[in-house]
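**Student:** Have a look at this prediction, sequence included:
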Amino acid sequence: MQLFEVYPLYDVEPVRAREVYLWDKHGVQYLDFYGGHAVISIGHSHPHYIQKLTEQLHRIGFYSNSVQIPLQKELALKLGEISGYNDYHLFLCNSGAEANENALKLASFHNGRKAVIAFSGAFHGRTSAAVAATDNPKIRAPLNANHEVIFLPLNDAAALQQLSQREDICAVIIEGIQGIAGIRLPEPQFLQQIQQFCEHSGALFILDEVQSGYGRSGKFFAHQYAGVRPDLITIAKGMGNGFPVAGLLINPQFKAAHGLLGTTFGGNHLACAAAVAVLDVIAQEELIANSAKIGGYLLQELNKLDKGMKEVRGRGLMIGIELEFPSEAIRKKLLFEHKIFTGSAHDPKTIRLLPPLTLAPAHADRFLESLVAVMKNS
């Protein structure tokens, strides 16, 4: 049997990782400025993370959600404290797509409506309702078209206002920062307008923080720059630092009911141990502040560059560099000549930077020097 190919693969085979570095099978060291799709939040192979998972594996690795799992409660308490959402409830699942799927489902249960508003450039996952709310027809099968989704331009308050009289809008879903679109930021005022729209129309406000959450933006959640308080918040990626875990933060207005939501693997012992370890390290090492500091420095320095540069966007350690030409050749030179991993976007001219939140000034300087050298010779 062979693998079903879904990604074009670089000819690099990482076999070991530590902090912000990867090593391939030949012993070559690489600097990780992509974090495996924004997943590596506290750095590779963090000792506290390894210890927590190892100790938990020696005790019990898995049992179903039909029994008491105290680690789930510990995770919920720590997450509420560090995020500022102490009064919300937590539903644990396995992936960002699953979190968004359940957010949309719970919203529909709550108000009995079907239509959803999403935005141009959106990516919310590859499951049924999540992919229907994703602005990429190439990955939306005919089956997914059963969902009614209205796509509006990002940051277009007038377009949103035109739907204010509709009584069938179930939810508005938006990313804290659009990742795959090329690091596109919703304006703070626009997020405030969405919240007002939802309050007046009875729709639910869903904030997808799968990629932009967990300190990546320089705040725990990117939407906190706007001072809004969504009804539902989805999390994943940096939550487990590589272990599959995701969640849905639920406003206390929602009444719990057995059977509405469910999961086999979500919230298992190992997943919770990983997620607790991540929150421990984020707090102890002040990684949210570090993300703001190093990200601010990178944005400042990148904005000084001019050759081949069109626009630099982002917050914290979630940065998009839009070039005046396709970025693939630049990314390959960074990888194969300078040994630095970076990310792509649906916009072929944009490079995405999503490094671990442990990034230090020396790492930022190495990237900047390498980018200048590559751009100079392109």
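**Tutor:** Done, it's in.
**Student:** what about the strands in the stretch 251-378 of the chain?
**Tutor:** 309-315, 318-323, 340-341, 350-353 (DSSP state E, counting those that start in this stretch).
**Student:** Adding distance to Asp365 and mean pLDDT as columns, could you present those strands in CSV?
**Tutor:** (Glycine included, C-beta is placed from N, CA and C.) Below are the strands of the stretch 251-378 of the chain laid out as CSV (distance: least, CB to CB, whole Å; pLDDT from 0 to 100):
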stretch, distance to Asp365, mean pLDDT
strand 309-315, 17, 97
strand 318-323, 15, 98
strand 340-341, 12, 98
strand 350-353, 14, 98
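**Student:** looking at the ones you listed, which is closest to Asp24?
**Tutor:** strand 340-341 (11.0 Å; CB to CB).
**Student:** Which strands or helices does that closest one pack on?
**Tutor:** Judged by 3 or more CB pairs under 8 Å, 6 or more residues apart in numbering; DSSP states H and E, the packing partners of strand 340-341 are strand 29-32, helix 328-336, helix 361-376.
**Student:** Just send the ones you listed back as a markdown table, with mean neighbour count too.
**Tutor:** Putting the helices and strands packed on strand 340-341 into a markdown table (neighbours: other CB atoms under 10 Å) gives the following:
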| stretch | mean neighbour count |
| --- | --- |
| strand 29-32 | 19 |
| helix 328-336 | 17 |
| helix 361-376 | 16 |
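**Student:** Now render the ones you listed as CSV, adding distance to Tyr63 and mean pLDDT.
**Tutor:** Converted to CSV, the helices and strands packed on strand 340-341 look like this (distance: least, CB to CB, whole Å; pLDDT from 0 to 100):
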stretch, distance to Tyr63, mean pLDDT
strand 29-32, 34, 98
helix 328-336, 42, 97
helix 361-376, 40, 97
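**Student:** Nearest to His346, out of these?
**Tutor:** Minimum separation from His346 across the helices and strands packed on strand 340-341 (CB to CB) falls at helix 328-336, 12.9 Å.
**Student:** As TSV, the helices and strands packed on strand 340-341 with distance to Leu154 would be great.
**Tutor:** Putting the helices and strands packed on strand 340-341 into TSV (distance: least, CB to CB, whole Å) gives the following:
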stretch	distance to Leu154
strand 29-32	29
helix 328-336	25
helix 361-376	27
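**Student:** Of all the ones you listed, which one comes closest to Leu232?
**Tutor:** When the helices and strands packed on strand 340-341 are compared for distance to Leu232 using CB to CB, the nearest one is strand 29-32, at 31.2 Å.
**Student:** who's in contact with that closest one?
**Tutor:** 12, 14, 17, 20-24, 40, 44, 335, 339-341, 355-356, 363, 366-367 (CB atoms under 8 Å, 6 or more residues apart in numbering).
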